[in-house]
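Engineer: sharing a model that was predicted from the sequence below.
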Amino acid sequence: MSAVLIVGTGYVADLYMRSLKTFPAIRIRKAYDRDSRRLGEFCNYWGIEGAESLDKLLETSSEGDVILNLTNPSEHYKVSLACIQAGRHVYSEKPLATKMADAYALHALATKSGIFLASAPCSVLGEAAQTLWRAVRDGSAGTPLIVYAELDDDFVPQAPYQKWLSESGAPWPYADEFRVGCTIEHAGYYLTWLIAIFGSVKSVVAASAELIEKKTDTDEAAPDFSVATLFFESGVVARLTCSIIAPHDHRLRVIGSGGVLEVDESWNNDAKVRLRRRFVVRRKLINSPIAKRIRLRGPTHPKVGRRGAAAMNFALGPAEMLSAIKEGCPCRMSADFALHLNEVTLAIQNAGDNTGAAKMQTHCDPIEPMEWAQVPYGVGE
(Lines give C-alpha, C1' and ligand atoms only; values in the text may rest on other atoms or scores of the structure.)
Protein backbone atom coordinates (compact mmCIF):
# COMPACT_ATOMS: atom_id res chain seq x y z
CA MET A 1 0.00 0.00 0.00
CA SER A 2 1.37 3.43 -1.00
CA ALA A 3 2.20 5.85 1.79
CA VAL A 4 3.45 9.35 2.52
CA LEU A 5 6.86 10.14 4.00
CA ILE A 6 7.63 13.58 5.40
CA VAL A 7 10.90 15.50 5.12
CA GLY A 8 10.88 18.56 7.35
CA THR A 9 8.84 18.59 10.58
CA GLY A 10 8.58 22.33 11.20
CA TYR A 11 5.52 24.55 11.52
CA VAL A 12 3.75 23.61 8.29
CA ALA A 13 4.20 19.86 8.86
CA ASP A 14 1.56 19.95 11.60
CA LEU A 15 -0.92 21.51 9.17
CA TYR A 16 -0.26 18.63 6.77
CA MET A 17 -0.62 16.03 9.51
CA ARG A 18 -3.94 17.45 10.71
CA SER A 19 -5.13 17.47 7.10
CA LEU A 20 -3.88 13.93 6.41
CA LYS A 21 -6.03 12.76 9.33
CA THR A 22 -9.06 13.51 7.14
CA PHE A 23 -7.86 10.81 4.70
CA PRO A 24 -7.81 7.63 6.84
CA ALA A 25 -6.64 5.51 3.90
CA ILE A 26 -3.37 7.47 3.60
CA ARG A 27 -0.61 5.96 5.72
CA ILE A 28 2.27 8.03 7.09
CA ARG A 29 5.29 5.77 6.86
CA LYS A 30 8.09 7.88 8.39
CA ALA A 31 9.38 11.41 8.94
CA TYR A 32 12.81 13.01 8.93
CA ASP A 33 14.22 16.34 10.06
CA ARG A 34 17.85 17.38 10.42
CA ASP A 35 16.90 18.81 13.84
CA SER A 36 16.64 15.64 15.92
CA ARG A 37 14.92 17.40 18.83
CA ARG A 38 12.19 18.81 16.59
CA LEU A 39 11.83 15.43 14.86
CA GLY A 40 11.34 13.75 18.22
CA GLU A 41 8.70 16.24 19.33
CA PHE A 42 6.83 15.85 16.06
CA CYS A 43 6.95 12.05 16.00
CA ASN A 44 5.97 11.73 19.65
CA TYR A 45 3.00 14.05 19.18
CA TRP A 46 1.66 12.34 16.06
CA GLY A 47 2.71 8.79 16.93
CA ILE A 48 4.80 8.11 13.85
CA GLU A 49 8.29 6.73 13.31
CA GLY A 50 11.32 8.94 12.67
CA ALA A 51 14.22 8.26 10.30
CA GLU A 52 17.88 8.86 11.12
CA SER A 53 18.66 10.54 7.80
CA LEU A 54 17.16 11.40 4.43
CA ASP A 55 18.94 8.40 2.91
CA LYS A 56 17.46 6.09 5.56
CA LEU A 57 14.00 7.52 4.95
CA LEU A 58 14.30 6.93 1.20
CA GLU A 59 15.58 3.40 1.80
CA THR A 60 12.40 2.54 3.72
CA SER A 61 10.11 4.04 1.06
CA SER A 62 8.36 2.05 -1.66
CA GLU A 63 7.94 2.68 -5.37
CA GLY A 64 4.45 4.17 -5.14
CA ASP A 65 5.13 6.37 -2.11
CA VAL A 66 5.00 10.17 -2.13
CA ILE A 67 7.63 12.25 -0.37
CA LEU A 68 6.33 15.47 1.15
CA ASN A 69 9.15 18.00 0.95
CA LEU A 70 8.27 20.39 3.79
CA THR A 71 11.77 21.76 4.33
CA ASN A 72 12.83 25.42 4.29
CA PRO A 73 12.50 27.02 0.82
CA SER A 74 16.27 27.15 0.36
CA GLU A 75 16.39 23.35 0.75
CA HIS A 76 13.53 22.48 -1.62
CA TYR A 77 15.68 21.90 -4.69
CA LYS A 78 18.32 19.78 -2.98
CA VAL A 79 15.82 17.57 -1.15
CA SER A 80 13.49 17.13 -4.13
CA LEU A 81 16.46 16.27 -6.35
CA ALA A 82 17.61 13.54 -3.96
CA CYS A 83 14.11 12.08 -3.81
CA ILE A 84 13.64 12.06 -7.59
CA GLN A 85 17.07 10.50 -8.04
CA ALA A 86 15.92 7.77 -5.65
CA GLY A 87 12.91 7.16 -7.91
CA ARG A 88 10.32 8.65 -5.56
CA HIS A 89 7.36 10.90 -6.36
CA VAL A 90 7.62 14.34 -4.77
CA TYR A 91 5.08 16.84 -3.52
CA SER A 92 6.96 19.96 -2.44
CA GLU A 93 5.92 22.92 -0.40
CA LYS A 94 6.15 26.17 -2.35
CA PRO A 95 8.22 27.18 -4.16
CA LEU A 96 9.34 24.31 -6.33
CA ALA A 97 12.74 26.03 -6.33
CA THR A 98 13.99 29.53 -5.57
CA LYS A 99 15.87 29.62 -8.90
CA MET A 100 14.29 28.85 -12.26
CA ALA A 101 17.36 26.91 -13.40
CA ASP A 102 16.83 24.53 -10.49
CA ALA A 103 13.11 24.27 -11.22
CA TYR A 104 13.87 23.37 -14.85
CA ALA A 105 16.35 20.73 -13.69
CA LEU A 106 13.80 19.10 -11.36
CA HIS A 107 11.14 19.18 -14.08
CA ALA A 108 13.46 17.63 -16.66
CA LEU A 109 14.64 14.84 -14.36
CA ALA A 110 11.13 14.00 -13.13
CA THR A 111 9.77 13.93 -16.68
CA LYS A 112 12.62 11.75 -17.92
CA SER A 113 12.24 9.37 -14.96
CA GLY A 114 8.44 9.09 -15.13
CA ILE A 115 8.20 10.59 -11.63
CA PHE A 116 5.29 12.71 -10.40
CA LEU A 117 6.44 16.15 -9.25
CA ALA A 118 4.15 18.83 -7.85
CA SER A 119 4.27 21.84 -5.59
CA ALA A 120 1.89 23.51 -3.19
CA PRO A 121 -0.45 25.18 -2.70
CA CYS A 122 -3.28 22.75 -3.42
CA SER A 123 -6.24 24.93 -2.40
CA VAL A 124 -7.04 25.02 -6.14
CA LEU A 125 -8.47 21.51 -5.56
CA GLY A 126 -10.65 22.80 -2.72
CA GLU A 127 -14.35 23.56 -2.72
CA ALA A 128 -14.11 27.37 -2.96
CA ALA A 129 -11.75 27.33 -5.96
CA GLN A 130 -13.65 24.56 -7.72
CA THR A 131 -16.98 26.34 -7.18
CA LEU A 132 -15.61 29.57 -8.61
CA TRP A 133 -14.15 27.67 -11.55
CA ARG A 134 -17.48 25.96 -12.25
CA ALA A 135 -19.26 29.33 -12.16
CA VAL A 136 -16.75 30.74 -14.66
CA ARG A 137 -17.15 27.73 -16.97
CA ASP A 138 -20.91 28.13 -16.90
CA GLY A 139 -20.75 31.84 -17.75
CA SER A 140 -22.50 32.93 -14.55
CA ALA A 141 -20.96 36.41 -14.81
CA GLY A 142 -20.74 36.41 -18.60
CA THR A 143 -17.36 36.43 -20.32
CA PRO A 144 -14.54 36.90 -17.77
CA LEU A 145 -12.46 39.97 -18.57
CA ILE A 146 -10.40 41.07 -15.57
CA VAL A 147 -9.60 39.67 -12.13
CA TYR A 148 -8.68 41.57 -8.97
CA ALA A 149 -6.90 39.39 -6.40
CA GLU A 150 -5.60 40.55 -3.01
CA LEU A 151 -3.27 38.74 -0.64
CA ASP A 152 -2.59 41.33 2.05
CA ASP A 153 -1.87 39.91 5.51
CA ASP A 154 -1.87 43.02 7.69
CA PHE A 155 1.22 44.51 9.38
CA VAL A 156 2.90 41.19 10.22
CA PRO A 157 6.21 42.72 11.42
CA GLN A 158 4.29 44.22 14.36
CA ALA A 159 2.43 40.98 15.19
CA PRO A 160 3.52 38.75 18.12
CA TYR A 161 4.87 36.21 15.61
CA GLN A 162 7.59 34.99 17.97
CA LYS A 163 4.82 33.47 20.09
CA TRP A 164 3.16 31.59 17.22
CA LEU A 165 3.50 27.83 17.68
CA SER A 166 2.24 24.88 15.66
CA GLU A 167 0.17 22.08 17.13
CA SER A 168 3.21 20.02 18.16
CA GLY A 169 5.17 23.07 19.33
CA ALA A 170 7.18 24.23 16.32
CA PRO A 171 7.73 28.01 16.16
CA TRP A 172 6.49 29.95 13.14
CA PRO A 173 9.61 30.26 10.90
CA TYR A 174 9.54 34.05 10.78
CA ALA A 175 13.21 34.37 9.73
CA ASP A 176 12.55 32.23 6.64
CA GLU A 177 9.24 33.95 5.95
CA PHE A 178 10.83 37.40 5.98
CA ARG A 179 13.95 36.21 4.13
CA VAL A 180 11.94 34.58 1.33
CA GLY A 181 9.22 37.22 1.14
CA CYS A 182 5.45 37.22 1.00
CA THR A 183 5.25 36.88 -2.79
CA ILE A 184 6.96 33.48 -2.92
CA GLU A 185 5.15 32.42 0.24
CA HIS A 186 1.64 33.54 -0.71
CA ALA A 187 1.16 34.46 -4.38
CA GLY A 188 0.56 30.83 -5.31
CA TYR A 189 -2.68 30.69 -3.36
CA TYR A 190 -4.37 32.70 -6.08
CA LEU A 191 -1.98 32.04 -8.97
CA THR A 192 -2.91 28.35 -8.90
CA TRP A 193 -6.59 29.28 -9.09
CA LEU A 194 -6.06 31.70 -11.95
CA ILE A 195 -3.80 29.41 -13.99
CA ALA A 196 -6.20 26.51 -13.53
CA ILE A 197 -9.19 28.59 -14.59
CA PHE A 198 -7.70 30.82 -17.31
CA GLY A 199 -4.68 28.84 -18.52
CA SER A 200 -1.04 29.84 -18.86
CA VAL A 201 0.24 33.35 -18.26
CA LYS A 202 1.69 34.94 -21.39
CA SER A 203 3.48 37.88 -19.76
CA VAL A 204 3.85 39.63 -16.42
CA VAL A 205 4.22 43.33 -15.66
CA ALA A 206 5.17 43.64 -12.01
CA ALA A 207 6.90 45.68 -9.34
CA SER A 208 8.11 44.61 -5.91
CA ALA A 209 9.83 46.32 -3.01
CA GLU A 210 11.09 45.84 0.52
CA LEU A 211 9.39 48.63 2.43
CA ILE A 212 10.29 47.53 5.97
CA GLU A 213 13.99 46.88 6.40
CA LYS A 214 15.82 44.84 9.04
CA LYS A 215 13.01 42.36 9.64
CA THR A 216 15.68 39.72 10.29
CA ASP A 217 19.08 39.76 11.96
CA THR A 218 20.82 39.46 8.60
CA ASP A 219 21.17 41.81 5.65
CA GLU A 220 19.18 39.46 3.42
CA ALA A 221 16.23 41.29 1.91
CA ALA A 222 13.05 40.19 0.18
CA PRO A 223 10.01 42.08 -1.05
CA ASP A 224 7.27 42.62 1.52
CA PHE A 225 5.06 44.16 -1.18
CA SER A 226 4.42 43.28 -4.80
CA VAL A 227 1.84 44.07 -7.43
CA ALA A 228 1.54 42.31 -10.77
CA THR A 229 -0.56 42.51 -13.89
CA LEU A 230 -0.88 39.08 -15.49
CA PHE A 231 -1.74 38.68 -19.17
CA PHE A 232 -3.16 35.21 -19.81
CA GLU A 233 -3.03 33.42 -23.14
CA SER A 234 -6.83 33.20 -22.97
CA GLY A 235 -7.09 37.01 -23.06
CA VAL A 236 -8.05 37.51 -19.40
CA VAL A 237 -6.03 40.07 -17.44
CA ALA A 238 -5.53 39.86 -13.68
CA ARG A 239 -4.04 42.12 -11.04
CA LEU A 240 -2.48 40.40 -8.02
CA THR A 241 -1.24 42.24 -4.92
CA CYS A 242 0.77 40.69 -2.07
CA SER A 243 1.93 42.37 1.13
CA ILE A 244 2.56 41.87 4.83
CA ILE A 245 1.82 45.54 5.45
CA ALA A 246 -1.66 46.44 4.21
CA PRO A 247 -4.77 45.48 6.25
CA HIS A 248 -5.89 41.88 5.85
CA ASP A 249 -7.64 41.41 2.51
CA HIS A 250 -7.86 38.08 0.68
CA ARG A 251 -10.62 38.95 -1.76
CA LEU A 252 -10.80 37.73 -5.32
CA ARG A 253 -13.19 39.21 -7.87
CA VAL A 254 -13.73 37.91 -11.39
CA ILE A 255 -15.29 40.76 -13.37
CA GLY A 256 -17.24 39.56 -16.37
CA SER A 257 -19.45 41.03 -19.06
CA GLY A 258 -22.57 40.22 -17.05
CA GLY A 259 -21.53 40.60 -13.41
CA VAL A 260 -18.95 39.86 -10.76
CA LEU A 261 -17.99 36.61 -9.02
CA GLU A 262 -16.62 37.17 -5.52
CA VAL A 263 -14.63 35.15 -2.97
CA ASP A 264 -13.64 36.71 0.34
CA GLU A 265 -10.94 34.32 1.58
CA SER A 266 -8.56 32.15 -0.43
CA TRP A 267 -7.30 30.38 2.69
CA ASN A 268 -10.68 28.85 3.50
CA ASN A 269 -11.90 25.83 1.53
CA ASP A 270 -15.41 26.70 2.75
CA ALA A 271 -15.28 30.32 1.56
CA LYS A 272 -18.52 31.47 -0.03
CA VAL A 273 -18.60 32.13 -3.75
CA ARG A 274 -21.08 34.85 -4.62
CA LEU A 275 -22.47 36.30 -7.83
CA ARG A 276 -23.33 39.98 -8.11
CA ARG A 277 -25.19 40.67 -11.35
CA ARG A 278 -25.10 43.96 -13.24
CA PHE A 279 -28.19 45.66 -14.64
CA VAL A 280 -29.64 49.02 -15.65
CA VAL A 281 -32.39 50.85 -13.70
CA ARG A 282 -33.70 54.15 -15.06
CA ARG A 283 -30.65 54.86 -17.15
CA LYS A 284 -28.30 54.01 -14.26
CA LEU A 285 -25.89 51.07 -14.22
CA ILE A 286 -26.25 49.04 -11.02
CA ASN A 287 -24.16 46.25 -9.51
CA SER A 288 -26.68 44.32 -7.47
CA PRO A 289 -26.47 45.17 -3.74
CA ILE A 290 -27.51 41.58 -3.08
CA ALA A 291 -24.91 38.95 -3.94
CA LYS A 292 -26.29 35.45 -4.48
CA ARG A 293 -24.31 32.49 -3.27
CA ILE A 294 -23.27 29.75 -5.68
CA ARG A 295 -23.04 26.22 -4.27
CA LEU A 296 -21.98 22.89 -5.68
CA ARG A 297 -24.43 20.09 -5.04
CA GLY A 298 -23.37 16.94 -3.27
CA PRO A 299 -20.25 16.08 -1.24
CA THR A 300 -16.91 17.61 -2.16
CA HIS A 301 -13.85 16.81 0.00
CA PRO A 302 -12.92 16.45 3.68
CA LYS A 303 -12.65 19.73 5.57
CA VAL A 304 -10.42 20.73 8.49
CA GLY A 305 -11.09 23.29 11.17
CA ARG A 306 -9.29 26.60 11.30
CA ARG A 307 -5.67 26.39 12.42
CA GLY A 308 -4.15 29.84 12.86
CA ALA A 309 -4.81 31.87 9.72
CA ALA A 310 -5.91 28.97 7.53
CA ALA A 311 -8.90 26.69 7.12
CA MET A 312 -7.42 24.62 4.32
CA ASN A 313 -6.95 20.93 3.77
CA PHE A 314 -3.24 20.75 2.96
CA ALA A 315 -3.55 17.06 2.05
CA LEU A 316 -5.67 17.56 -1.09
CA GLY A 317 -2.52 17.73 -3.24
CA PRO A 318 -0.81 14.62 -1.83
CA ALA A 319 -4.14 12.74 -1.96
CA GLU A 320 -4.55 13.70 -5.62
CA MET A 321 -1.02 12.47 -6.39
CA LEU A 322 -1.52 9.16 -4.58
CA SER A 323 -4.80 8.65 -6.44
CA ALA A 324 -3.12 9.34 -9.81
CA ILE A 325 -0.34 6.86 -8.99
CA LYS A 326 -2.87 4.20 -8.02
CA GLU A 327 -5.07 4.75 -11.08
CA GLY A 328 -2.15 5.17 -13.48
CA CYS A 329 -3.51 8.47 -14.78
CA PRO A 330 -2.12 12.02 -15.05
CA CYS A 331 -1.97 14.05 -11.86
CA ARG A 332 -3.88 17.32 -11.82
CA MET A 333 -1.01 18.85 -9.86
CA SER A 334 1.46 18.21 -12.66
CA ALA A 335 5.13 19.05 -13.08
CA ASP A 336 4.24 21.42 -15.94
CA PHE A 337 1.78 23.22 -13.67
CA ALA A 338 4.39 23.50 -10.89
CA LEU A 339 7.05 24.79 -13.28
CA HIS A 340 4.79 27.47 -14.76
CA LEU A 341 3.62 28.53 -11.30
CA ASN A 342 7.27 28.85 -10.25
CA GLU A 343 8.16 31.00 -13.25
CA VAL A 344 5.24 33.40 -12.76
CA THR A 345 5.91 33.68 -9.03
CA LEU A 346 9.61 34.45 -9.50
CA ALA A 347 8.81 37.00 -12.22
CA ILE A 348 6.76 38.92 -9.66
CA GLN A 349 9.21 38.36 -6.79
CA ASN A 350 12.23 39.54 -8.75
CA ALA A 351 10.59 42.46 -10.56
CA GLY A 352 11.98 45.14 -8.23
CA ASP A 353 11.28 48.57 -9.69
CA ASN A 354 11.79 47.34 -13.25
CA THR A 355 8.21 47.34 -14.50
CA GLY A 356 8.86 46.11 -18.03
CA ALA A 357 6.96 43.11 -19.33
CA ALA A 358 8.49 39.69 -18.68
CA LYS A 359 7.60 37.08 -21.29
CA MET A 360 6.94 33.64 -19.83
CA GLN A 361 8.89 30.73 -21.32
CA THR A 362 6.90 27.89 -19.76
CA HIS A 363 3.40 26.62 -20.47
CA CYS A 364 0.99 24.20 -18.84
CA ASP A 365 -2.18 22.62 -20.17
CA PRO A 366 -5.40 23.35 -18.30
CA ILE A 367 -6.00 20.97 -15.41
CA GLU A 368 -9.17 18.93 -15.08
CA PRO A 369 -11.75 20.05 -12.53
CA MET A 370 -12.42 17.69 -9.65
CA GLU A 371 -15.14 15.15 -10.45
CA TRP A 372 -17.44 16.49 -7.74
CA ALA A 373 -17.15 19.99 -9.23
CA GLN A 374 -18.63 18.93 -12.56
CA VAL A 375 -22.19 18.47 -11.28
CA PRO A 376 -24.86 21.17 -11.57
CA TYR A 377 -24.89 23.84 -8.90
CA GLY A 378 -27.49 26.10 -7.34
CA VAL A 379 -27.65 29.86 -6.99
CA GLY A 380 -29.33 31.46 -4.00
CA GLU A 381 -29.08 34.33 -1.59
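Structural biologist: Cool, got the structure.

Engineer: show me where the stretch 251-381 of the chain has helices.
Structural biologist: Ranges of helices in the stretch 251-381 of the chain, per DSSP state H, counting those that start in this stretch, are 316-327, 335-349.

Engineer: do the same with the stretch 51-200 of the chain
Structural biologist: Taking DSSP H, counting those that start in this stretch as the criterion, the stretch 51-200 of the chain contains helices spanning 54-59, 76-85, 100-113, 127-137, 174-180, 182-186, 188-198.

Engineer: with respect to Tyr148, which of those lies nearest?
Structural biologist: Ranking those by proximity to Tyr148 (C-beta to C-beta) places helix 188-198 first, at 10.2 Å. For the C-beta atoms, the positions are set from N, CA and C on the backbone; glycine is no exception.

Engineer: the helix or strand just after that closest one pairs with which strands?
Structural biologist: For helix 188-198, the following helix or strand on the C-terminal side (DSSP states H and E) is strand 201-209. Using DSSP bridges, the strands paired with strand 201-209 are strand 225-232 (antiparallel), strand 357-359 (antiparallel).

Engineer: break the protein down into its domains, please.
Structural biologist: 3-119, 125-310+334-380 (automatic domain parsing).

Engineer: please identify the most buried of the helices of the stretch 251-381 of the chain.
Structural biologist: Comparing these by mean neighbour count (mean count of other C-beta atoms under 10 Å), helix 335-349 ranks first with a mean of 25.

Engineer: quick check: mean pLDDT of that one?
Structural biologist: Across helix 335-349, pLDDT averages out at 97.

Engineer: still on that earlier bit, would JSON lines of the helices of the stretch 51-200 of the chain with distance to Arg307, mean neighbour count and mean pLDDT be doable?
Structural biologist: What follows is those, written out as JSON lines (distance: least, C-beta to C-beta, whole Å; neighbours: other C-beta atoms under 10 Å; pLDDT from 0 to 100):
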{"stretch": "helix 54-59", "distance to Arg307": "25", "mean neighbour count": "16", "mean pLDDT": "97"}
{"stretch": "helix 76-85", "distance to Arg307": "22", "mean neighbour count": "21", "mean pLDDT": "98"}
{"stretch": "helix 100-113", "distance to Arg307": "29", "mean neighbour count": "17", "mean pLDDT": "98"}
{"stretch": "helix 127-137", "distance to Arg307": "17", "mean neighbour count": "23", "mean pLDDT": "97"}
{"stretch": "helix 174-180", "distance to Arg307": "17", "mean neighbour count": "19", "mean pLDDT": "92"}
{"stretch": "helix 182-186", "distance to Arg307": "16", "mean neighbour count": "26", "mean pLDDT": "95"}
{"stretch": "helix 188-198", "distance to Arg307": "15", "mean neighbour count": "24", "mean pLDDT": "97"}
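
Engineer: how about those helices in a markdown table, adding distance to Ala207?
Structural biologist: Below are the helices of the stretch 51-200 of the chain laid out as a markdown table (distance: least, C-beta to C-beta, whole Å):
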| stretch | distance to Ala207 |
| --- | --- |
| helix 54-59 | 39 |
| helix 76-85 | 26 |
| helix 100-113 | 19 |
| helix 127-137 | 27 |
| helix 174-180 | 18 |
| helix 182-186 | 11 |
| helix 188-198 | 17 |
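
Engineer: residue boundaries of the strands in the stretch 251-381 of the chain?
Structural biologist: 252-256, 259-263, 273-281, 284-287, 292-296, 357-359, 377-380 (DSSP state E, counting those that start in this stretch).

Engineer: of the ones you listed, which approaches Pro366 most closely?
Structural biologist: Closest to Pro366 of those, according to C-beta to C-beta: strand 252-256, at 16.2 Å.

Engineer: strand partners of that closest one, parallel vs antiparallel please.
Structural biologist: Neighbouring strands of strand 252-256 in its sheet, by DSSP bridges, are strand 144-152 (antiparallel), strand 259-263 (antiparallel).

Engineer: got the angle for it vs helix 188-198?
Structural biologist: Angle, strand 252-256 to helix 188-198, by axes from the mean of the first three to the mean of the last three C-alpha atoms, to 10 degrees: 20 degrees.

Engineer: from the chain's centroid, how far away is strand 252-256?
Structural biologist: Distance of strand 252-256 from its chain centroid, counting by C-alpha atoms, centre = their mean, to the nearest Å, is 20 Å.

Engineer: contacts for it, please.
Structural biologist: 132, 136, 139-150, 190, 193, 260-263, 266 (C-beta atoms under 8 Å, 6 or more residues apart in numbering).

Engineer: filter those to the buried ones?
Structural biologist: 132, 136, 140-141, 144, 147, 149-150, 190, 193, 260-263, 266 (16 or more other C-beta atoms under 10 Å).

Engineer: of the residues you listed, which is the nearest to Pro376?
Structural biologist: So of the buried ones among the contacts of strand 252-256, ranked by how close each gets to Pro376 (C-beta to C-beta), first place is Ser140, at 12.2 Å.

Engineer: who touches Leu58 in this structure?
Structural biologist: Residues counted as contacts of Leu58 (C-beta under 8 Å, 6+ apart) are 67, 82-83, 86, 88.

Engineer: which residue lies nearest the spatial centre of this protein?
Structural biologist: In the chain, the centroid-proximal residue (C-alpha atoms, centre = their mean) is Pro121; its distance is 1.8 Å.

Engineer: so who does Leu165 touch?
Structural biologist: Residues counted as contacts of Leu165 (C-beta under 8 Å, 6+ apart) are 171-172.

Engineer: at 10 Å instead, please
Structural biologist: Contact analysis of Leu165 by C-beta atoms under 10 Å, 6 or more residues apart in numbering lists 11, 14, 171-172, 308.

Engineer: farthest-apart pair in these, please.
Structural biologist: Pro171 and Gly308 (12.4 Å).

Engineer: perfect, I'm done here.
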